[in-house]
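K.L.:
Below are the sequence and a predicted model; questions follow.
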Amino acid sequence: MKTKHLLPLFALPLLSLTLVLSLAGLPRLSVYAQGGTVVRLVPATGQVAVGESIPVHVVVDNVTNLYRVEVHLTFDPNLVEVIDADGGTEGIQIVLGPFLSVESVTQNLVNATAGRIDFSFGQTTAPPRSGSGTIATITFRGKAVGSSALNFTSVILSDPSGGPIAATTQNGVVNVGGSVVTPTVAPTATPPATPTPTPVPPGTAVLSFVPSPATVVVGQDVQVALRVQNASNLYGVEIHAVHDGGVDATAITPGACVKDAVTQRSVEGNRIDYAASLRAPSTPFSGNCDLAYVTIRGITAGSGYRLSFVSVLLSDSSGRALPVVTQNGVVNVSASPPAGCTDILGYHVVQRGETLYAIGRAYKVRPDAIARCNGITNLSRIHAGTRLAIPNVPWSPVPPGPTARPQFGPGTPPACRYYHTVQAGENLYRISLRYGVSMWTIAQANRLLNLNYIRVGQVLCIP
């Protein structure tokens, strides 16, 4: 007589759910009987051809009270590469969310050489999330035939109080073939596109101030980008804007695109004027990009100080005007710094190539504290020329890595009387005449090894 193996009663609902999802053709989220939190990759085994791309979702299952995530994983850079999700930002980024609201980004960076992906972000105002969903999406492109392991090296989940949430991980793999392979696994859900603030006609670019609202403390600075979205065949820009009296624009620096020839860059009075274009053999730009960065200083405490476009011209390589709509910005100025930011050690002007982590190492101060005290929501995005307040929030132990040159404190060079942003056509000799300081003194203060080489946009300390 054969023994019958009956399913326990508790397994029937799970079996029914699996059958329903399978019949509906939907991507299946695993159901774990023990209720443990799991971070995994979907699909676990991806198939892609050389030159083709595949999205891989980082999914969290069965989580409770999730407020922040930090994830580190590796891939084989000889076999696959990560497609940049944000062409307007330096470096390679992935798509964050949508299970968690992307309100505070600490890290979002892909090291294409080492084959490493590091991201950390969370919420600040939205309620904690419970359940299952996608916390990030990585789009891989096949480079060479082979199997690239996708391995989690570290995953940290935390609740609103910062308490850790225990979780296990499940690694994945991307198999790269020589021809297009049709996956046998049902395709995963495509994350929703970022909504546009206001409807615009198709083919029309959008120019806006980002972030808006921006937040700054009286006497301190915040960086605001002139960001263009949905640009097509962009070759030249001319932007004129004004700001209210409670704030002051102190500097404007070129952004990441359309910057070969900067013909106007002025922040006189309450005006902001900027004009730039590409040069042959550069090709017209299409997509999203930060055209320039405006440094805004808080003057008078208050809210709703306006940044308003007066006139804007975007043009193609023939000089023809391109359709564009503008979205004005707002700056809120507070009288006192956020909690924990009243004890300021000094101020640091960001130099080209520096990061918040490099600056934090220079003063042994936590990068997230520097960001909080300067109204920075994305720790991976700061710009040369920004003046940062460095709070007395110790960072210990300080992890190894690139370290910025300290601008104050024991053992630092003489204090900077001025900061000069190098303009097109300038050299060190002309700058030294302007400030009455020898060019050798300026070179020593800025660790310049070649007196004949300075870069446009470089910020120099004038001792």
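P.N.:
Good, I have the coordinates. Being a predicted model, the structure only gives us computed values, none of them experimental. Numbers count the residues shown, from 1 in each chain.

K.L.:
for the stretch 301-450 of the chain, what spans make up the strands?
P.N.:
302-315, 324-327, 329-334, 344-349, 387-391, 418-421 (DSSP state E, counting those that start in this stretch).

K.L.:
Next, format those as TSV and append distance to residue 243 and mean neighbour count.
P.N.:
C-beta: built from backbone N, CA, C; applies to glycine. Formatted as TSV, these follow (distance: least, Cβ to Cβ, whole Å; neighbours: other Cβ atoms under 10 Å):
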stretch	distance to residue 243	mean neighbour count
strand 302-315	5	16
strand 324-327	14	17
strand 329-334	8	21
strand 344-349	21	16
strand 387-391	17	21
strand 418-421	19	16
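
K.L.:
which one of those lies closest to residue 210?
P.N.:
strand 329-334 (7.6 Å; Cβ to Cβ).

K.L.:
who touches the closest one?
P.N.:
208-210, 212-218, 222, 224, 243, 246-247, 296, 298-307 (Cβ atoms under 8 Å, 6 or more residues apart in numbering).

K.L.:
Mark which of these are buried, thanks.
P.N.:
208-210, 212, 214-218, 222, 224, 243, 246-247, 296, 298-299, 302, 305, 307 (16 or more other Cβ atoms under 10 Å).

K.L.:
Show only the entries of the residues you listed found in strands.
P.N.:
208-210, 214-217, 222, 224, 243, 247, 296, 298, 302, 305, 307 (DSSP state E).

K.L.:
farthest-separated two in these?
P.N.:
Taking Cβ to Cβ, the two most distant members of these are 208 and 217; they sit 23.4 Å apart.

K.L.:
Under the pLDDT cut-off, which ranges of the stretch 351-463 of the chain? List them.
P.N.:
410-415 (pLDDT under 70).

K.L.:
again, only using 80
P.N.:
352, 375-381, 383-387, 401, 409-419, 444-451 (pLDDT under 80).

K.L.:
quick one: the helices in it?
P.N.:
356-363, 367-373, 428-435, 439-445 (DSSP state H, counting those that start in this stretch).

K.L.:
out of these, nearest to residue 282?
P.N.:
The nearest among the helices of the stretch 351-463 of the chain, by Cβ to Cβ, is helix 428-435 at 27.6 Å.

K.L.:
Need the residues that contact the closest one.
P.N.:
With Cβ under 8 Å, 6+ apart as the test, helix 428-435 has contacts from 417-418, 420, 422, 438-439, 441-443, 448, 451-452, 454, 460, 462.

K.L.:
do that again at 10 Å, thanks
P.N.:
417-418, 420, 422-423, 426, 437-443, 446, 448, 450-454, 460, 462-463 (Cβ atoms under 10 Å, 6 or more residues apart in numbering).

K.L.:
buried ones in that helix?
P.N.:
Those would be 428, 431-432, for helix 428-435 by 16+ other Cβ under 10 Å.

K.L.:
which one of the helices of the stretch 351-463 of the chain lies closest to residue 130?
P.N.:
Closest approach to residue 130 among those (Cβ to Cβ): helix 367-373, 24.9 Å.

K.L.:
Around the residue found closest to residue 166 once you drop the neighbours it is linked to in the chain, count how many other residues there are.
P.N.:
Counting by Cβ to Cβ, 6 or more residues apart in numbering, residue 166 lies nearest to residue 37, which is 6.5 Å off, once chain neighbours are set aside. Residue 37 has 18 neighbouring residues, counting by other Cβ atoms under 10 Å.

K.L.:
please begin residue numbering at 24 from this point
P.N.:
Right, with 24 as the first residue, what we last looked at is residue 60.

K.L.:
shouldn't residue 60 be in contact with residue 190?
P.N.:
Yes - at 4.1 Å, residue 60 counts as touching residue 190 under the criterion of Cβ atoms under 10 Å.

K.L.:
Now do the shared contacts for those two.
P.N.:
83-86, 89, 178, 180.

K.L.:
With distance to residue 396, secondary structure and pLDDT as new columns, can those residues be given to me in JSON lines?
P.N.:
Formatted as JSON lines, the shared contacts of residue 60 and residue 190 follow (distance: Cβ to Cβ, whole Å; DSSP: H, G, I helix; E, B strand; the rest coil; pLDDT from 0 to 100):
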{"residue": "83", "distance to residue 396": "31", "secondary structure": "strand", "pLDDT": "93"}
{"residue": "84", "distance to residue 396": "36", "secondary structure": "strand", "pLDDT": "90"}
{"residue": "85", "distance to residue 396": "37", "secondary structure": "strand", "pLDDT": "91"}
{"residue": "86", "distance to residue 396": "31", "secondary structure": "strand", "pLDDT": "92"}
{"residue": "89", "distance to residue 396": "26", "secondary structure": "strand", "pLDDT": "93"}
{"residue": "178", "distance to residue 396": "29", "secondary structure": "strand", "pLDDT": "93"}
{"residue": "180", "distance to residue 396": "26", "secondary structure": "strand", "pLDDT": "92"}
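
K.L.:
What is the most widely separated pair among those residues?
P.N.:
That would be 85 and 178, which, of the shared contacts of residue 60 and residue 190, are the farthest apart (Cβ to Cβ) at 14.2 Å.

K.L.:
What segments of the stretch 24-173 of the chain are strands?
P.N.:
61-65, 68-72, 76-89, 91-97, 103-105, 118-119, 127-134, 139-145, 152-165, 169-181.

K.L.:
which other helices and strands contact the fourth one?
P.N.:
Read that as strand 91-97. Packing partners of strand 91-97 (3 or more Cβ pairs under 10 Å, 6 or more residues apart in numbering; DSSP states H and E): strand 61-65, strand 76-89, strand 127-134, strand 139-145, strand 152-165, strand 169-181.

K.L.:
Give the partner strands of the last one in its sheet and their orientations.
P.N.:
What that stands for is strand 169-181. Paired neighbours of strand 169-181 in the sheet (DSSP bridges): strand 91-97 (antiparallel), strand 187-188 (antiparallel), strand 195-200 (antiparallel).

K.L.:
same deal with the second one?
P.N.:
With DSSP bridges as the test, strand 76-89 is paired with strand 61-65 (antiparallel), strand 152-165 (antiparallel).

K.L.:
Mind putting those into CSV with distance to residue 199 and mean pLDDT?
P.N.:
Shown next, in CSV, are those (distance: least, Cβ to Cβ, whole Å; pLDDT from 0 to 100):
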stretch, distance to residue 199, mean pLDDT
strand 61-65, 16, 93
strand 152-165, 4, 89
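
K.L.:
Appreciated, that's everything.
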